[in-house]
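[1] any chance you can model this:
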Amino acid sequence: MTPHVDVKVRAHVPGSLRVGIELLGDRPVVMARSVPGKHRGALRGVDGATFAAAAELALTQRLPLVLVLASSGSDVTEGINALHGWGRAAAAIAACSGIVPVLAALTGPAISGPALMLGVVDQVAMTPESFAFVSGPDMVEGFTGVRVGLRDLGGAAVHATQTGLCALSASDPDHALDLLSELLAYLPDHTDSSPPLVETDDPPLRPIPELVDLIPTSATASYDVRGVIGAVADDGEFLELRPTWAPQLVTALTSVGGMPIGVVANQPRAMAGTLDIPASQKGARFVRFCDSFNLPILTLVDTPGFLPGKDLEWRGMIRHGAELAFAYAEATVPRVCLILRKAFGGAYIVMDSKGMGNDICLAWPTAEVAVMGAQGAVQILHRHADADERNRLEEEYRSTLLTPWVAAERGFVDDVIDPADTRIAVWRAFDLLSTRRERLPGRKHDGGPL
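    So this is what the prediction gives:
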C-alpha cells in the first residue's frame, strides 16, 4: 500500500527540525528538514528525538530517509542535553544504514556533530553556500597558527575534490533535491526489494560500433572511459557520483535494458587509471552502497596497478587497498567484469577479478592481463640484455602473454567479445544473473579493513 504523503511528525514540538512524509519526484520519502532561522539550525535535545522519530518512521514504513540540513551545530544554550540529542540522531541514522537509503542535501553550514552526521548517510548533495567541518577556522588557527576561511576549510568544492563527502554538486537547494530524486530513481525503497525498472525505448540488443576504435593504438595513450559507460547505458544516460574526487576511478549509476546497475571504472585520463588510497576508498564505498540496495555491479578495468610511493605506503595503502578487495569479496549482487585494456598485478585482483568472485568476466581483444607490463617484465627477467634484445623480448612478451587468450584458456576470462557487442553482452549477462540468489553467512558483522 502506498504511504500517505504530507503526513507531519512531531509537528508542534519546538526545535529546529521538521519531519514528515513527502514526495521527492514521484517517490514517497521521510523528509527531515532543518529550520535555519531558529538558532541557525542548532540542534537541541528535542531535535535528536525528532531525528530518531524520522528514522523509526523510515524503518517501519520501509521508506528512504532524506535530510535537508543546515545547522550551526549543537545548541550551546542547552549544554550536554544538546550533545545527547546529536548522539540520538547519529544512532538513529546509523540504524537505517543498509536497510533504507539515507540521503542528504546540505544547503548551509554543518558544524561539529551535524557535520559528522553527513559521514553516516549514504550520499550527500551540497550547494555552493554550504560548508561542513568538525573544527572551525578559529580552532584551526588557535591550534596550528594557520588562518583559513570557511569555504577553504570545508566548502562544497573542498568536499567534492578533496574529501569525497560531496557526491553531487548542486547549484541551489532545489537542484540538490532534484539530484537526489534522480539518484533515488535507481534505488529501491529498502533492501528487501529490487530496484525499480527504468523506462526506456533503447533496445538492449543495440550494437555500439563506436567503441571499436575507442582504445588508442599506443599502450600509454589515454581515453575517456565515460564514453564506454555512455555507450552501454540506456539512452546514453548515467549519474556519476563524486566525479572530481579520485577521478582515476569513475563510479556511476545507470541502467541497461531498463535494469538499474552500478558501474565502477578505471579512468585512464586521470593518473593513467592507477589506484591510490582515495580511489580505493571511493570504489569500496560505492560497491558496498550498490550491494546494500541490490544494484548489480559492472566493473570496467583498465589499470596498470597501484600507484607507488613511500607516502602512500606509510598512509596505509595496504589497508585501504584491501577495502576495495573486501567490498567486492563480500558483495552478493550480480557482478560482471569487463577488461578493456590493462589489468596488471594487485590492481587486477581488486578490480573484481574472477578470483574475487565475479559471476561473469568478459574482455575486449585489446585486454592485457598479466602480472605486469612487457617493459617491467623484461627488465626483471632479462636485465643484462642489450637494447635491441630487450625490444625483441618485449614484443614477444606482448604477443604471447599480454593477450586475453591466456586468461581465457585458464577460465579466468569467460569470453572475449567484440567491443561493438559490449552492450549486448552486458545486458545478456545481467539478464541471466537476475534470478541469482546468495545465502548470507550467519555472523554479527564483518571485520573488514575500515
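[2] chain neighbours aside, what residue packs nearest to Gly411?
    Spatial nearest neighbour of Gly411, excluding adjacent residues (Cβ to Cβ, 6 or more residues apart in numbering): Lys354 at 7.4 Å. Every residue, glycine included, has its C-beta placed from N, CA and C.
[3] please apply the same query to Met351.
    Val301 (4.7 Å).
[4] so that neighbour touches Leu340, yeah?
    Yes. Val301 is within contact range of Leu340, at 6.3 Å (criterion: Cβ atoms under 8 Å).
[5] pLDDT weak spots in this structure?
    For the chain, the stretches with pLDDT under 70 are 1-4, 37-41, 76, 371-384, 393-394, 396-399.
[6] follow-up on the earlier one: spell out the secondary structure type for the residue nearest to Met351.
    Three-state assignment for Val301 (DSSP: H, G, I helix; E, B strand; the rest coil): strand.
[7] who touches it in this structure?
    By Cβ atoms under 8 Å, 6 or more residues apart in numbering, the residues touching Val301 are Ala265, Asn266, Cys337, Leu338, Ile339, Leu340, Lys342, Ala343, Tyr348, Met351, Asp352.
[8] if I look at it, how far off is Glu237?
    Relative to Glu237, Val301 is positioned 23 Å away (Cβ to Cβ, to the nearest Å).
[9] next, give phi and psi for the spatially closest residue to Leu184 that is not a sequence neighbour.
    Of all residues not flanking Leu184 in the chain, Arg27 sits nearest, at 5.6 Å (Cβ to Cβ, 6+ apart). For Arg27, the backbone dihedrals (degrees, to the nearest 10) come out as phi -110, psi 130.
[10] from Asn294, how far out is Arg27?
    In terms of Cβ to Cβ, Arg27 sits 16 Å off from Asn294.
[11] before we move on, what about Asp152?
    40 Å.
[12] more neighbours, these two?
    Asn294 (18 against 12; other Cβ atoms under 10 Å).
[13] specify the local secondary structure of the more buried one.
    coil.
[14] where do the helices sit along the stretch 151-300 of the chain?
    156-158, 173-184, 226-232, 277-292 (DSSP state H, counting those that start in this stretch).
[15] convert the C-alpha atoms of the longest one to PDB, please.
    Coordinates of the C-alpha atoms in helix 277-292 are reproduced here as PDB (Å, rounded to 0.1, in the frame of the first residue of the first chain):
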ATOM      1  CA  ILE A 277      44.100   5.400  -1.300                       C
ATOM      2  CA  PRO A 278      41.200   7.800  -2.200                       C
ATOM      3  CA  ALA A 279      40.400   5.700  -5.300                       C
ATOM      4  CA  SER A 280      40.300   2.500  -3.200                       C
ATOM      5  CA  GLN A 281      38.000   4.200  -0.600                       C
ATOM      6  CA  LYS A 282      35.800   5.600  -3.300                       C
ATOM      7  CA  GLY A 283      35.300   2.200  -5.000                       C
ATOM      8  CA  ALA A 284      34.800   0.300  -1.800                       C
ATOM      9  CA  ARG A 285      32.100   2.700  -0.500                       C
ATOM     10  CA  PHE A 286      30.300   2.600  -3.800                       C
ATOM     11  CA  VAL A 287      30.400  -1.200  -4.100                       C
ATOM     12  CA  ARG A 288      29.000  -1.500  -0.600                       C
ATOM     13  CA  PHE A 289      26.300   1.000  -1.400                       C
ATOM     14  CA  CYS A 290      25.300  -1.000  -4.500                       C
ATOM     15  CA  ASP A 291      25.300  -4.200  -2.600                       C
ATOM     16  CA  SER A 292      23.100  -2.800   0.200                       C
END
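[16] so how far is it from its chain's centroid?
    5 Å (Cα atoms, centre = their mean, to the nearest Å).
[17] so what does that helix touch, helix or strand wise?
    With contacts taken as 3 or more Cβ pairs under 8 Å, 6 or more residues apart in numbering; DSSP states H and E, helix 277-292 sits against strand 249-256, strand 259-266, strand 297-303, helix 317-330.
[18] what's the distance between the most centrally placed residue in the chain and Leu249?
    The structure's the chain has its C-alpha centroid closest to Phe286; by Cα atoms, centre = their mean the separation is 2.8 Å. Distance, Phe286 to Leu249, using Cβ to Cβ: 9 Å.
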